[in-house]
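K.L.:
Give me a 3D structure for the following:
(2 chains)
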2 protein chains.
Amino acid sequence: MDFVSTDSIRNANPLKYAQEITFRTPLPLELGQTLPEIRIVYETYGQLNEKKDNAVLLCHALSGDSHAAAHDSEDDPGWWEIMVGPGKPIDTRQFFVICSNCLGGCRGTTGPNDINPQTGKRYGTSFPEITVGDIVEAQNRLIEHLGINRLLAVIGGSLGGINAIEWATRFPDKIAAAVPLAAGSHLTSQALAFDIVARNAIQSDPNFHGGEYHEYGTVPADGLAIARMLGHITYLSRESMMKKFDTDRNEGRKMNTKFETKFSVGSYLAYQGDKFVERFDANSYLTLSTAIDLFELGSTPAVLKKSLRKSMCRWLILSFSSDWLFPPLFSRHIAEALAALDKRVNYCDIPSECGHDAFLLPNDFTLYGEMIRAFLKNAAFEIASGGAPPFQRPDRLDYEQILDLIPRGASVLDLGCGKGGLLARLRQREEKRQFEESGLRQNSSAALPHILGLEINEKYVLQCIQRGIDVVQANLNEGLAAFEENQFDFVILSKTLQTIRDVEFVLDEMLRVGRRCIVSFPNLGYREHRRRLSEDGRAPQFAHGAETMDWYSTSDVRFLTLADFEDFCRKKNIHIHSLIPLDTRQHKPVTENPNENADVVVVVVSTG
Amino acid sequence: MDFVSTDSIRNANPLKYAQEITFRTPLPLELGQTLPEIRIVYETYGQLNEKKDNAVLLCHALSGDSHAAAHDSEDDPGWWEIMVGPGKPIDTRQFFVICSNCLGGCRGTTGPNDINPQTGKRYGTSFPEITVGDIVEAQNRLIEHLGINRLLAVIGGSLGGINAIEWATRFPDKIAAAVPLAAGSHLTSQALAFDIVARNAIQSDPNFHGGEYHEYGTVPADGLAIARMLGHITYLSRESMMKKFDTDRNEGRKMNTKFETKFSVGSYLAYQGDKFVERFDANSYLTLSTAIDLFELGSTPAVLKKSLRKSMCRWLILSFSSDWLFPPLFSRHIAEALAALDKRVNYCDIPSECGHDAFLLPNDFTLYGEMIRAFLKNAAFEIASGGAPPFQRPDRLDYEQILDLIPRGASVLDLGCGKGGLLARLRQREEKRQFEESGLRQNSSAALPHILGLEINEKYVLQCIQRGIDVVQANLNEGLAAFEENQFDFVILSKTLQTIRDVEFVLDEMLRVGRRCIVSFPNLGYREHRRRLSEDGRAPQFAHGAETMDWYSTSDVRFLTLADFEDFCRKKNIHIHSLIPLDTRQHKPVTENPNENADVVVVVVSTG
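P.N.:
Take a look at the predicted model:
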């Protein structure tokens, strides 16, 4: 192992387009200490517009830097090449993109291997313990320096993700949108434990010399390499490692390394460990990994809500199903807390085999890239025009009936909202009302009542985001625990009841969260269904859109008549406010014998 | 950190009841080298019976030893105290229990910190690379020394689990039952990667001196402690760590350690790391963890079947749902390969939050302890008497009809076998037939046709095991990919069709695996169901046992008439061999208008 000085790290791969700015005013840190001055290295892409409302700040992960993407065809690719550039989801033709090396790093911005101006010596271990809040304070100085009052968005994954979350809560009026990927409210104790073992490995290395290794001309290469190997395992998923290493499991490569290369995965880890030592600094690793570990937005819904209450931006939160460093659950909890606070939030767990690193990889990019593209585009559009993009009127009789049942100004939660057709229609109506009432073109959708959809299918989630409808991915069978009692004026379950196994539980949850609930379902008692069973001796068939489904292929799992539902409500002490039987085949409401003449029923209920 | 000599490890906590035996004959090893002699330290519990057919060999995990349980009230508790003792699942009143420290260990049995008799010096790094096969060869010498020809069972978890698997394949005629817990066909690449990082940490420790640390009077304490911390994380689950550490996450304890104690989980790891160094040897760690890593029964179904083909014992394979070191999937694959080979196998994934260590903990013991108890008891009973324990005749009309449809001697797979009522009845019939045909009391159930149940509910799995019915836990919706084409004469789906979402897929799978399939289901066309819908305007109700279920609480998700099923068979080119309509309310077959008069239908089908 060659020894690598940390200066050579900075100089090894020069950042051609990087700029730097030094702030001479001391930076007070969250845990009490102060940095006498800070230097920030950053890169920018695209142009800041005249109104200065198109700036997007990118935040990098632990080992990243300011080089998010290539600036021209000669330039080296950056860490988020797939995402940033002309025509890409973070479109540099439309947005002014800023990416800075974060405080505590080792790629130009002030960090532990810098000279402390007060002592003339390197900080080393005397570099203060910093938090993600301090990283954001440093970034804020850069943003102010660039003359930007309010960022359109702050976006990042992993450390960059909690960095974005911190922005939304620390400077709520300075950011219009937050997009944390592969992040969470805090590290799990499991992930924290891995960080601790990694730091123990670095600090146990005799070349670490209590962090003063520069003084000794050494580098704790073994410890840092072991830390990186460990980190690397947590960035991959079990599935992706299986695919990568299982076929040639026992075939280690011959390499010039002191580490074990017996198995294919061993050679890979040895390579990653050795390479990392050439480009990263041990003290920076300790500083940044500790900052991640100290981040804690809250581990209970109550604390999370307290932390997020002051946030004013819209959110797009993305997790990745096989990420076990920041598991999806901890992203979901943030989304749920925001939804419970009536904040504008979108959430999706992207199905992926790529683990934590998924946000850097092209594998699942089609889905999450398009979500970010649509979300940013709509956010920019709304800020510029004050309203959502226009939307075609839906053509479903039960939708029209449901819209008529909801008074203007009511907050609405739509369970199983699909592509957001009903909510898009509702939102348009609200914007129109606002316009008529105020006589002005509304300039902020913040004044609209809370309109939110829950949907399990990620493809529909994307379509909702594209329509500018806020949507949180959720499995209704797991209930609505995140939401407050009576949080919404109306909760809607439109043609979804029959697909839910645990009907009682879901209805109880709806009735808890909504003052009124609107339920629509197909009526098994419809005359054609009765005829088919009693005369033909065949199971009734229900339509799904244009298709009629067979008994073995329908997604329906519950079959009930209007009378069954009424009986259920009596038993469960549920009050029926109104009941609208529909004959959707003839596109009209039913007036007589509803249990026989209606094929679909819309009911408004509340707790008795 | 105090330096601890490996001799003191052995002497620190003397094993009062341990015995030792040295075999002077050299032991040839799987990878080519030879050990000139081996010493084995072991403990025994209970008495070997006269027929010497009640011996149970326990195999310990990486850091375990021969002390499985206390021998008396004064004695220290052992590593499997919950499992081993009078009246416990491995009942020392009934069984002669043997537990030896495994080859390569550091608690008495020959390992790398022993003196090599050929050189008079410690083996150190010259200790040969051993495999789990070598560990079994050493144990076999002990078993022979004890005068045992055939072990009733070999049982163990983790390393002990793959040790049990190796017994079943290396000495198929010397073991009647294998019970691997928390084990698998091989380590995942993820788990393997952690082992590699742990070994790198030990070998990078400057006190390791290339493994010759005894010569230098040092111990690679830092490296070994870091290896242990890392291992420890993989033994717990994310959930159990959350419960243990999340509430006082930031409250590290003050401790006399060189490791980080900032967070509660950090203090815990530092303590575990430091403590381990006092009781375990670094070279043993390298030797045994490498032996685990080298174990590979096969990672494809074909190779697994090849490895398992010679096994002759019955199996009980248990995994734990939150175990991510040996994830359940890799246990399931072994079970599936055995089932595909018509071997006698039971498998269950025990729901647990305790991770890999679950098999050592009392939390989920009620379920897996009882499974082991029942399995051992029945295995001993069968070996002694040659048949399964007697069983009460079931009282379900469709069971009787199904039994009549299956010719004697046919192999049978029962999908969704519940408590095993049908299979117990079938097995009894087969044993009786065998007895009548041979005129002898059968002395082995090996000659019986393959009779196996699949069941998803672990409580029913336990009841099957208690009845001596082989059962593999499985979710039918995932298909039957493990089984061969036409492997069974009959595949049964009794009153389960209506609970399956993907009917087409499951029926296709049944028809692939069985020459004939017997399907029974409730008939929606039954006159009472028709009357209820057409006259009362209410959803038909189906009975589940004595109970009638409502539309919102039934486990049924598919509703079909006999005519629907016939139509489905025509469309899918499925041949109906016989069709038995039943009126179970009047307990008799139906002769006229079956689609109207039968409430349950039994059908025999095959691919057209």
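
K.L.:
in chain A, what residue sits furthest out from the centroid?
P.N.:
Distance from the C-alpha centroid of chain A, by Cα atoms, centre = their mean, peaks at residue A:535 (53.0 Å).

K.L.:
chain center to the host helix or strand of residue A:435: distance?
P.N.:
Element membership of residue A:435, judged by DSSP states H and E, is helix A:421-438. The chain centre lies 27 Å from the centre of helix A:421-438; the measure is Cα atoms, centre = their mean, to the nearest Å.

K.L.:
again with stretch A:291-299
P.N.:
17 Å.

K.L.:
do stretch A:449-459 as well
P.N.:
That offset, for stretch A:449-459, works out to 14 Å (Cα atoms, centre = their mean).

K.L.:
Dump that stretch to PDB, keeping only the CA atoms.
P.N.:
Output in PDB follows, covering the C-alpha atoms of stretch A:449-459 (Å, rounded to 0.1, in the frame of the first residue of the first chain):
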ATOM      1  CA  PRO A 449     -57.500  22.900   1.000                       C
ATOM      2  CA  HIS A 450     -55.300  19.700   1.500                       C
ATOM      3  CA  ILE A 451     -55.900  17.400  -1.400                       C
ATOM      4  CA  LEU A 452     -53.900  14.100  -1.300                       C
ATOM      5  CA  GLY A 453     -54.000  10.700  -2.900                       C
ATOM      6  CA  LEU A 454     -52.800   7.400  -1.600                       C
ATOM      7  CA  GLU A 455     -51.900   4.800  -4.200                       C
ATOM      8  CA  ILE A 456     -50.000   1.500  -4.100                       C
ATOM      9  CA  ASN A 457     -49.000   1.200  -7.800                       C
ATOM     10  CA  GLU A 458     -45.800   3.200  -8.500                       C
ATOM     11  CA  LYS A 459     -46.700   3.700 -12.200                       C
END
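
K.L.:
beta partners of residue A:320?
P.N.:
residue A:350 (DSSP bridges).

K.L.:
just checking, it touches residue A:352?
P.N.:
Yes: the pair residue A:320 and residue A:352 qualifies as a contact (Cβ atoms under 8 Å) at a distance of 4.3 Å. Just so you know, the C-beta spots here come from the backbone N, C-alpha and C atoms, and that holds for glycine as well.

K.L.:
Which neighbours do these two have in common?
P.N.:
Counting by Cβ atoms under 8 Å, 6 or more residues apart in numbering or on different chains, the contacts common to residue A:320 and residue A:352 are A:358, A:364.

K.L.:
of those two, who's got more company?
P.N.:
A side-by-side neighbour count of residue A:320 and residue A:352, using other Cβ atoms under 10 Å in any protein chain shown, places residue A:320 first with 31 against 24.

K.L.:
Could you find the closest non-adjacent residue to residue A:407?
P.N.:
residue A:489 (7.8 Å; Cβ to Cβ, 6 or more residues apart in numbering or on different chains).

K.L.:
Hmm, residue A:518 and that neighbour touching each other?
P.N.:
No: look at residue A:489 against residue A:518 with Cβ under 8 Å: they stay out of range, at 10.7 Å.

K.L.:
Common neighbours of those two, please.
P.N.:
residue A:406.

K.L.:
between those two, which one's more packed in?
P.N.:
Remark: of residue A:489 and residue A:518, residue A:518 carries more neighbours, 25 against 17, as counted by other Cβ under 10 Å.

K.L.:
A strand includes that one, no?
P.N.:
Yes: when classified by DSSP: H, G, I helix; E, B strand; the rest coil, residue A:518 is found to be part of a strand.

K.L.:
which residues sit in contact with the residue lying closest to it once chain neighbours are set aside?
P.N.:
In space, and not counting its chain neighbours, residue A:518 is closest to residue A:492: 4.8 Å by Cβ to Cβ, 6+ apart. Counting by Cβ under 8 Å, 6+ apart, residue A:492 makes contact with A:402, A:412, A:413, A:414, A:415, A:422, A:517, A:518, A:519.

K.L.:
Go ahead and report the secondary structure state at residue A:492.
P.N.:
strand.

K.L.:
Buried by neighbour count: which residues of stretch A:359-373 qualify?
P.N.:
A:359, A:360, A:364, A:365, A:367, A:368, A:369, A:371, A:372, A:373 (16 or more other Cβ atoms under 10 Å in any protein chain shown).

K.L.:
count of neighbours near the nearest residue to residue A:58 once chain neighbours are set aside?
P.N.:
Among residues not flanking residue A:58 along the chain, residue A:99 sits closest, at 4.1 Å (Cβ to Cβ, 6+ apart). Neighbours of residue A:99 under the rule other Cβ under 10 Å: 29.

K.L.:
coming back round to it: is the residue nearest to residue A:518 in a bridge, and if so with what?
P.N.:
Here residue A:492, judged by DSSP bridges, has bridge partners residue A:414, residue A:518.

K.L.:
measure it to residue A:335 for me?
P.N.:
20 Å (Cβ to Cβ, to the nearest Å).

K.L.:
Same check on residue A:61?
P.N.:
Counting by Cβ to Cβ - residue A:61 and residue A:335 are separated by 21 Å.

K.L.:
Can you show me the CA trace of the biggest helix by length in chain A as PDB?
P.N.:
Longest helix in chain A by number of residues (criterion: DSSP state H): helix A:365-385. Output of helix A:365-385 as PDB, limited to C-alpha atoms (Å, rounded to 0.1, in the frame of the first residue of the first chain):
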ATOM      1  CA  PHE A 365     -33.800   5.500 -13.500                       C
ATOM      2  CA  THR A 366     -36.800   5.400 -15.800                       C
ATOM      3  CA  LEU A 367     -39.200   5.600 -12.900                       C
ATOM      4  CA  TYR A 368     -37.400   7.800 -10.400                       C
ATOM      5  CA  GLY A 369     -35.800  10.100 -13.000                       C
ATOM      6  CA  GLU A 370     -39.300  10.800 -14.500                       C
ATOM      7  CA  MET A 371     -40.700  11.500 -11.100                       C
ATOM      8  CA  ILE A 372     -38.000  14.100 -10.400                       C
ATOM      9  CA  ARG A 373     -38.400  15.600 -13.800                       C
ATOM     10  CA  ALA A 374     -42.200  15.900 -13.500                       C
ATOM     11  CA  PHE A 375     -42.000  17.200  -9.900                       C
ATOM     12  CA  LEU A 376     -39.500  19.900 -10.700                       C
ATOM     13  CA  LYS A 377     -41.300  20.900 -13.900                       C
ATOM     14  CA  ASN A 378     -44.600  21.300 -12.100                       C
ATOM     15  CA  ALA A 379     -43.000  23.000  -9.100                       C
ATOM     16  CA  ALA A 380     -41.500  25.600 -11.500                       C
ATOM     17  CA  PHE A 381     -44.800  25.900 -13.400                       C
ATOM     18  CA  GLU A 382     -46.800  26.500 -10.200                       C
ATOM     19  CA  ILE A 383     -44.300  29.100  -8.900                       C
ATOM     20  CA  ALA A 384     -44.400  30.900 -12.200                       C
ATOM     21  CA  SER A 385     -48.200  30.700 -12.900                       C
END
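
K.L.:
Nearest to residue A:129, out of the contacts of residue A:492: which one, please.
P.N.:
residue A:413 (42.2 Å; Cβ to Cβ).

K.L.:
isn't that closest one right up against residue A:514?
P.N.:
Yes: under the criterion of Cβ under 8 Å, residue A:413 makes contact with residue A:514 at 6.6 Å.

K.L.:
shared neighbours, these two?
P.N.:
Common neighbours of residue A:413 and residue A:514 (Cβ under 8 Å, 6+ apart) are A:487, A:488, A:490, A:491.

K.L.:
Which strand residues bridge the closest residue to the last one other than its chain neighbours?
P.N.:
So the one you mean is residue A:491. Among residues not flanking residue A:491 along the chain, residue A:514 sits closest, at 3.1 Å (Cβ to Cβ, 6+ apart). With DSSP bridges as the criterion, the beta-bridge partners of residue A:514 are residue A:488.
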